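In: Structure for this input, please:
(2 chains)
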2 protein chains.
Amino acid sequence: MLGEAIRGTNTGVSAELVEDAAKRLDGLAVPTPLVESPQLNEALGMRLLFKAECLQRTGSFKFRGAYTKLSRLPVHARSSGVVAYSSGNHAQGVAAAARLLELPATIFMPGDAPAIKINNTRALGADVVFFDRNGDDRKALAQERAAETGAAIIPPFDDVDVISGQATVGLEIVRQTRRMNLDIDHVICPVGGGGLLSGISVAIKAHSPQSHLWCAEPEHYDDMVLSLNAGKRVSIAPGSPTICDSIATPQPGLITFEIIRTNVSGGFVVSDREVMSAMAVLFERLKLVAEPGGCAGFAALLQQLERFKDKTVVVVVSGGNVDRSTYSRILDAAEPLHIGFPD
Amino acid sequence: MLGEAIRGTNTGVSAELVEDAAKRLDGLAVPTPLVESPQLNEALGMRLLFKAECLQRTGSFKFRGAYTKLSRLPVHARSSGVVAYSSGNHAQGVAAAARLLELPATIFMPGDAPAIKINNTRALGADVVFFDRNGDDRKALAQERAAETGAAIIPPFDDVDVISGQATVGLEIVRQTRRMNLDIDHVICPVGGGGLLSGISVAIKAHSPQSHLWCAEPEHYDDMVLSLNAGKRVSIAPGSPTICDSIATPQPGLITFEIIRTNVSGGFVVSDREVMSAMAVLFERLKLVAEPGGCAGFAALLQQLERFKDKTVVVVVSGGNVDRSTYSRILDAAEPLHIGFPD
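Out: Just a heads-up that it's a prediction; the model follows:
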């Protein structure tokens, strides 16, 4: 059970809602493992655990929030189906949840989304409609469709139900580290709109208030770091190139930012090159496939090694949906990191 | 506890020895997760669980047997260190175990072993000596060195202690599937000399005698399948090309074959192309990095889909040590498998 001290609950993301999400997801979401490499721990001088949400159903954490939201829709709201907009991971999460609940789903996706995300969303039975990432207003497109068809909009992050679903990642981290008799010093998580980070922070702060949470963002999309520094939501101009397609958002959510600014200690900005190197280390040392955005947290850790020395750190790997050709190009181009082993 | 009905114990791989190995490895070996993809299950029409030994310390199961063996060496046998010969995974396993136990280790490795295996063995502090995979007698080289220095030889597979260590993979599979309330119909495992398969079979047959075990071998190195068919150990001529470096052995072990012919139902031979496709599916659907030999079991399953329809199948992914450049080449060249999803 989540304790009384839970923070962020003024937004409506209550202890009860998170526990309810965990019950709804039981047997449907994969309780993803917390994996580690003893050699990497030794080389980096810390206890480093990866929460492998790349092993989640649909290859990212997004299924948790999407299924939680869809399963809470009142019966009368279900018959007209659901509509969502997404760069690809929320798309698959909504499509998989809709398939399980036998609802029709329409998903607006950018035409330049990774093929693996588009193909998988379609394979899950959703109707995919493309938009222009830098031109069209995705939210307006979804609202228009919802108005026409009566479908329920499933927001990608700024929604209490969605956040409560993503919070189950945090609950699992707490339970898994307790079974290992570990106190968590730090959690580092990639951030786009903030659904995952805000959810995790609620669960972590409830059970382990002394733990510090940090976010990792791609260069040119550091709206969360800027917002944390400014104490209010800041927008950045979209359109800059990044390999982190899944977290290239222009602005934090309203609800997510309210939670994050209460619970999160700060953030780090990582470059494409740093992300590529982190993906290669995860390939070589952990044998895990991370997508670029999914690896931003690990890239931040590698950038900030001194800060986390001798600590117990959980790095969230939020997704692994990357095209084969992109991945092989990244493995070929990534600069080697000289992570030595002590003699 | 292993039951009375344990098979293969006439070879000395007793229930007690396996339980003892599990105790020695507790806190040192990674209890690797059993991972699955609900979508892949649905597409293939079976319950498919991957025992992800690629997530093991040193990137393959070999640490289990090596540490078990080294930790059982009598004190007087330790001071002169250990010597081993290996295509690369046993090398890392022995090096990591020797490092933990503070023993010097010399490892004979083929000069054409993957760089990741050579570099990692060295990084773990072992002295690496190269041999010619197709010319030198690796075993004779190790024996010569042992005679000179008094070092203990750590055999790669045909050894009761080593097998008892690998058997802990089977114990974990039994415990993990029990927690999931699943009965195991089939286990498919890559096979080289047979240390992993024989060990797993002892544990599985003790706890789940109705389960069937199968081995998977690379083309040109089907000595285990030939031996099972002949009812006695058969050798093949080495030297043929294969991408499955870790399981390209010319002959089953004496002890391992005795166990395997009692416990294992049969085997399948897979081509390089089938292995490459299986690696690509594991990349795309499970986000796991498997090395070619480590993926032979999954390639066999994909070759034999009809046989395993509607069953609960555990596929052992025995290792993930593959060079970046090799992996990206394989991802680029692998033929896509059309694994559809039912409508």
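
In: tell me which parts of chain A are close to chain B?
Out: For chain A, the contact set with chain B under Cβ under 8 Å from any Cβ of the partner chain comprises A:28, A:30, A:33, A:35-39, A:52, A:54-55, A:57-59, A:96, A:116, A:120, A:123-125, A:280, A:283-284, A:286-290, A:320, A:324-325, A:327-329, A:331-332, A:334, A:340-341, A:343. Just so you know, the C-beta spots here come from the backbone N, C-alpha and C atoms, and that holds for glycine as well.

In: Sort out for me which of these are in helices.
Out: A:38-39, A:96, A:116, A:120, A:123, A:280, A:324-325, A:327-329, A:331-332 (DSSP state H).

In: Just the C-alpha atoms of the longest helix anywhere in chain A, please, in CSV.
Out: Counting by DSSP H, the longest helix found in chain A is helix A:160-179. In CSV, the C-alpha atoms belonging to helix A:160-179 read as follows (Å, rounded to 0.1, in the frame of the first residue of the first chain):
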residue,chain,number,x,y,z
VAL,A,160,-4.5,11.2,-14.2
ASP,A,161,-5.5,7.7,-15.3
VAL,A,162,-2.6,7.4,-17.7
ILE,A,163,-0.1,8.6,-15.0
SER,A,164,-1.5,6.2,-12.5
GLY,A,165,-0.8,3.3,-14.9
GLN,A,166,2.8,4.5,-15.6
ALA,A,167,3.2,4.8,-11.8
THR,A,168,3.1,1.0,-11.6
VAL,A,169,6.7,1.0,-12.9
GLY,A,170,7.6,2.8,-9.7
LEU,A,171,5.7,0.4,-7.5
GLU,A,172,7.6,-2.5,-9.1
ILE,A,173,10.9,-0.8,-8.6
VAL,A,174,10.1,-0.3,-4.9
ARG,A,175,9.0,-4.0,-4.5
GLN,A,176,11.9,-5.4,-6.4
THR,A,177,14.6,-3.3,-4.6
ARG,A,178,13.0,-4.3,-1.2
ARG,A,179,13.3,-8.0,-2.1
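
In: residues touching the closest residue to chain B within the stretch 151-300 of chain A, list them.
Out: Nearest to chain B in the stretch 151-300 of chain A, going by Cβ to the nearest Cβ, is residue A:287, at a distance of 3.5 Å. Taking Cβ atoms under 8 Å, 6 or more residues apart in numbering or on different chains as the criterion, residue A:287 is in contact with B:52, B:54, B:55, B:59, B:288, B:289, B:290, B:320.

In: Tell me how many other residues surround the second one.
Out: Counted with other Cβ atoms under 10 Å in any protein chain shown, the neighbours of residue B:54 add up to 26.

In: Report the separation between it and residue B:62.
Out: 12 Å (Cβ to Cβ, to the nearest Å).

In: anything in contact with each of those two?
Out: Shared contacts of residue B:54 and residue B:62, counting by Cβ under 8 Å, 6+ apart, come down to residue B:319.

In: got any ranges where the stretch 1-150 of chain A has weak pLDDT?
Out: A:1-9 (pLDDT under 70).

In: And whichever strand or helix holds residue A:93, what's buried?
Out: For residue A:93, the host element (DSSP states H and E) is helix A:89-101. For helix A:89-101, burial by neighbour count (16 or more other Cβ atoms under 10 Å in any protein chain shown) applies to A:89, A:90, A:91, A:92, A:93, A:94, A:95, A:96, A:97, A:98, A:99, A:100.

In: what about residue A:313, how many neighbours?
Out: 25.

In: Leaving out the residues flanking it, which one is nearest to it?
Out: Distances taken as Cβ to Cβ, 6 or more residues apart in numbering or on different chains place residue A:186 nearest to residue A:313, at 4.6 Å, with adjacent residues excluded.

In: who does that neighbour bridge with?
Out: Beta bridges link residue A:186 to residue A:212, residue A:313, judged by DSSP bridges.

In: need the contact list for it.
Out: Here residue A:186 is in contact with A:211, A:212, A:213, A:214, A:308, A:311, A:312, A:313, A:314 (criterion: Cβ under 8 Å, 6+ apart).

In: Thanks again, I'm all set now.
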